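S.K.: Next comes the sequence, and after it the predicted model I'd like to discuss.
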Amino acid sequence: MKRLGLKSKITIGVLFLFAMLMLVSVLGYYYLNRVNRDARTILQDNYESVEYAKNMLQALDATPVNEAAFLANLKKQQVNVTEPGEAIATMNAAKHFKDSVPQCRNDLYAIMELNMKAIIRKNESTKDAADKAILYIALISGACFVLGITFVYNFPGYIANPIHELTEGIKGIAQKRYEQRLHFKSLDEFGELANAFNTMAEKLDEYEHSNLARIMFEKKRAEAVISSLKDATIGVDNKGTILFANAEALQLLNMPEKDVIGWAASEISKRNDLLKYLLNQQEGGPVKIVVNGKESFFTREMADIHHEGAKIGYIMILKNITTFKEQDLAKTHFIATISHELKTPLAATDLSLKLLEDERTGPLSTEQKELMESIRQDNRRMIRMVSDLLDFSRVESGNIQLQIQPVPPENIVQYALDTVQKQAFGKQVNIRTTLPPGSPMIAADAEKSAWVLVNLLTNAIRYSAVGTDVELDVLQTETGTLHFSVRDHGKGIDPAFRSRIFERFFQVPGSSSEDTKGSGLGLAIAKEFIEAQGGTIGVESELGKGSRFWFSLPLY
């Protein structure tokens, strides 16, 4: 036997409902048409005959007798004879009209009685037909209603239930419950779908079990690799759940593995200050952690984990830099000590040079004066370098004490201009200043900010040609900061070196002669000073068109 498909079953169900609707409609139409036809027959056959007989009686009762009216209604009655005995009564009425009026009246009453009885009889018949129609329609409508309700109640479930089971089965497969099976008894498309689903689930189950041993081996090997890492490593998925943490990480967190792995990082951070700090830390500076009673320093590195083009989590790595930090601190102390020791003899040398220039110590020859000028320039360059090294050592050691307070920007500008005035005059460089009146005060350390501006102006004058201009602009920005800008018209900075201009000890190759060469620390220290005050610093430059160094400080 050929099975019925889902489409055929739906078509049959719809045709069944349509057939029931057509049956009720045809039956109702049939009985309504029959009742209407019977009512029309009664009106035409009997009621009109009664009306004709009544008109003829009225014609007989008239004085004198209205013969014309009588004959006209008699003619109509002769045409409308429908009941047994009505023809004889009509003939007698026509015959007795001339001979005996009383007898004619009796004949007319006989016609009326025959038709009245016919009306009553036909009305009863019509009523019986109507009652039957109501009964049949009620029975068929009731049957159709019950069948329709049954169909409407069961048929959506017939479609929806397999779909629901299929959806649940797919969800189970997505959750790797490959033992899921669908059991549909129908032989239609749903049955085929269930067979295909069960085959797929069986194949997936076989594949899962065939690869389970290998997956477990790879998992253990990955865990062994992570555990053997010397750097503390913590893995977190997209939902914030900690996937793994090696022994170094557990030691730093001071927590057992069972209280870390599989838990939400946000939940653990509520009871672990170190994890809370690591999750919320924005800057990339060293992290100081006390390990076994000793201060240790770590750097935090974040690496996103991607799979098939999508981010599935991230890894947090803490690298122990305690040794490097100790070496760096020793280096800083050494630089500070050497710089401090060098500054005293250099200052003494500078004083000695001034005494030699005094005429009271005796006149100097031209060659001796040139030699002394060369020694003075070398000595001052050494003093500048030692001063920069001292400032750098303070920055490195973190001993800089900032005094943030409201400062008028014109004070910083005026101090810087006074400081570089002699240098600018000696090189015939004109400093054009733009400082709008009533500029708002800034929240800054006046001394450190002025030092930065002096450094930028000194560099601009140093690398400007004789007789050119240096532009100093101070403008308020829309971001709530005050913008200091120093522009020169020198040869500019090569783009290859622009990103390294604020690095320590870096100097642009070929940018200065021996007599103007610096230590390469000024811009690095300036960057530290500005960022320590919550500001930003940067540079814009183009070869052959000069450079513009700028920094911004927050408004008070």
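M.R.: Good, I have the coordinates.

S.K.: what's the lengthiest helix in the chain packed up against?
M.R.: Counting by DSSP state H, the longest helix found in the chain is helix 101-174. The elements that helix 101-174 packs onto, with contact taken as 3 or more C-beta pairs under 8 Å, 6 or more residues apart in numbering; DSSP states H and E, are helix 6-42, helix 48-61, helix 86-99, helix 189-228. Glycine gets a C-beta too; all of them are placed from N, C-alpha and C.

S.K.: okay, the angle between that helix and helix 48-61?
M.R.: 150 degrees (axes from the mean of the first three to the mean of the last three C-alpha atoms, to 10 degrees).

S.K.: check contacts around the nearest residue to Met200 once chain neighbours are set aside.
M.R.: By the measure of C-beta to C-beta, 6 or more residues apart in numbering, the closest residue to Met200 outside its immediate chain neighbours is Ile173, 7.6 Å from it. For Ile173, the contact set (C-beta atoms under 8 Å, 6 or more residues apart in numbering) comprises 180, 200-201, 204.

S.K.: now, which of those residues sits nearest Leu543?
M.R.: Leu204 (63.9 Å; C-beta to C-beta).

S.K.: Mind telling me what element the nearest residue to that closest one once chain neighbours are set aside is part of?
M.R.: Using C-beta to C-beta, 6+ apart and skipping the chain neighbours, the partner closest in space to Leu204 is Tyr178 (4.6 Å). Per DSSP states H and E, Tyr178 falls between elements, in no helix or strand.

S.K.: Verify the stated contact: Tyr178 with Asp205.
M.R.: Yes - between Tyr178 and Asp205 there is a contact at 3.7 Å, judged by C-beta atoms under 8 Å.

S.K.: does Ala526 count as helix, strand or coil?
M.R.: helix (DSSP: H, G, I helix; E, B strand; the rest coil).

S.K.: Contact partners for it?
M.R.: When contacts are taken as C-beta under 8 Å, 6+ apart, Ala526 is in contact with 451-452, 455-456, 502, 537, 551.

S.K.: Make JSON lines from the helices and strands packed on helix 101-174 and add mean pLDDT and mean neighbour count to it.
M.R.: Below are these laid out as JSON lines (pLDDT from 0 to 100; neighbours: other C-beta atoms under 10 Å):
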{"stretch": "helix 6-42", "mean pLDDT": "73", "mean neighbour count": "13"}
{"stretch": "helix 48-61", "mean pLDDT": "83", "mean neighbour count": "19"}
{"stretch": "helix 86-99", "mean pLDDT": "82", "mean neighbour count": "17"}
{"stretch": "helix 189-228", "mean pLDDT": "71", "mean neighbour count": "13"}
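
S.K.: Of all those helices, which one comes closest to Val152?
M.R.: Checking the helices and strands packed on helix 101-174 against Val152 by C-beta to C-beta gives helix 6-42 as the closest, at 8.7 Å.

S.K.: any idea how far Lys76 is from Glu51?
M.R.: 9 Å (C-beta to C-beta, to the nearest Å).

S.K.: Same check on Ile404?
M.R.: For Ile404, the distance to Lys76 - C-beta to C-beta - is 125 Å.

S.K.: Comparing these two, which shows the higher neighbour count?
M.R.: Remark: of Ile404 and Lys76, Ile404 carries more neighbours, 17 against 14, as counted by other C-beta atoms under 10 Å.

S.K.: can you give me phi and psi for the more buried one?
M.R.: phi -80, psi 120 (degrees, to the nearest 10).

S.K.: three-state assignment of the closest residue to it other than its chain neighbours?
M.R.: Once flanking residues are discounted, Ile404 sits nearest to Ala443: 5.5 Å by C-beta to C-beta, 6+ apart. Assigned with three-state DSSP, Ala443 falls in the strand class.

S.K.: which residues pair with Ala443 across the strands?
M.R.: Taking DSSP bridges as the rule, Ala443 bridges to Pro406.

S.K.: surely it meets Leu402?
M.R.: No - in this structure Ala443 lies outside contact range of Leu402 using C-beta under 8 Å: 10.6 Å.

S.K.: Compare these two (neighbour count), which wins?
M.R.: Applying other C-beta under 10 Å to Ala443 and Leu402 shows that Ala443 carries more neighbours, namely 16 against 13.

S.K.: Tell me who's in contact with that one.
M.R.: 404-407, 533-534, 553-556.

S.K.: Pull stretch 144-164 out as CSV, backbone CA atoms only.
M.R.: Listed next in CSV are the C-alpha coordinates belonging to stretch 144-164 (Å, rounded to 0.1, in the frame of the first residue of the first chain):
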residue,chain,number,x,y,z
CYS,A,144,-19.5,18.6,11.4
PHE,A,145,-18.7,20.7,14.5
VAL,A,146,-17.5,17.7,16.5
LEU,A,147,-15.4,16.4,13.6
GLY,A,148,-14.1,19.9,12.9
ILE,A,149,-13.1,20.5,16.6
THR,A,150,-11.4,17.1,16.7
PHE,A,151,-9.6,17.9,13.5
VAL,A,152,-8.5,21.4,14.6
TYR,A,153,-7.5,20.1,18.0
ASN,A,154,-5.5,17.2,16.8
PHE,A,155,-4.1,18.3,13.4
PRO,A,156,-1.9,21.2,14.6
GLY,A,157,-0.4,18.8,17.2
TYR,A,158,0.2,16.3,14.4
ILE,A,159,2.4,19.0,12.8
ALA,A,160,3.7,20.8,15.8
ASN,A,161,4.6,17.9,18.1
PRO,A,162,7.2,16.3,15.7
ILE,A,163,8.7,19.8,15.1
HIS,A,164,9.0,20.4,18.8
